[in-house]
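Asker: Return atomic coordinates for the entry below.
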Amino acid sequence: MDYLYHNFLPDALFILERIRSPKEYLEKIKKIVIPADYAETEKQYWQRLTDEIQENRFNDFFRLCSLLFEYKQSQKQ
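Answerer: As a prediction, this is how the structure comes out:
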């Protein structure tokens, strides 16, 4: 739907804001703050992170990290 962006006129209900990266999506739409810089060369990792958050319905980056580390440690034992 990006092709419609240029023809969009804001009104009282909608203010269109372009989202340019998975990090912006997570921060602006999902309200999840991730304390890391975004680099276009790492887009595949950000997309994977976004998919993981969507699939597991996380709303907190630190909770996701905590659960992933617990899972990895349980696999080592």
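
Asker: So which residue is dead centre in the chain?
Answerer: L26 (2.9 Å; C-alpha atoms, centre = their mean).

Asker: Grab the nearest non-local neighbour of it.
Answerer: Closest residue to L26 apart from its sequence neighbours, by C-beta to C-beta, 6 or more residues apart in numbering: I32 at 4.6 Å. No exception for glycine: its C-beta is placed from N, CA and C like everyone else's.

Asker: Repeat that for W46.
Answerer: P22 (3.8 Å).

Asker: Equivalent analysis for V33, please.
Answerer: Nearest in space to V33, with sequence neighbours left out and distances taken as C-beta to C-beta, 6+ apart, is E27 at 6.1 Å.

Asker: what's the helix or strand for the one you found?
Answerer: helix 22-28 (DSSP states H and E).

Asker: which element follows that helix toward the C-terminus?
Answerer: Counting by DSSP H and E, the next helix or strand C-terminal to helix 22-28 is helix 43-56.

Asker: Mind listing what's buried along that next one?
Answerer: For helix 43-56, the neighbour count (16 or more other C-beta atoms under 10 Å) marks W46, L49, T50, I53 as buried.

Asker: where's the first one relative to L16, distance?
Answerer: Translated: W46. Distance, W46 to L16, by C-beta to C-beta, to the nearest Å: 22 Å.
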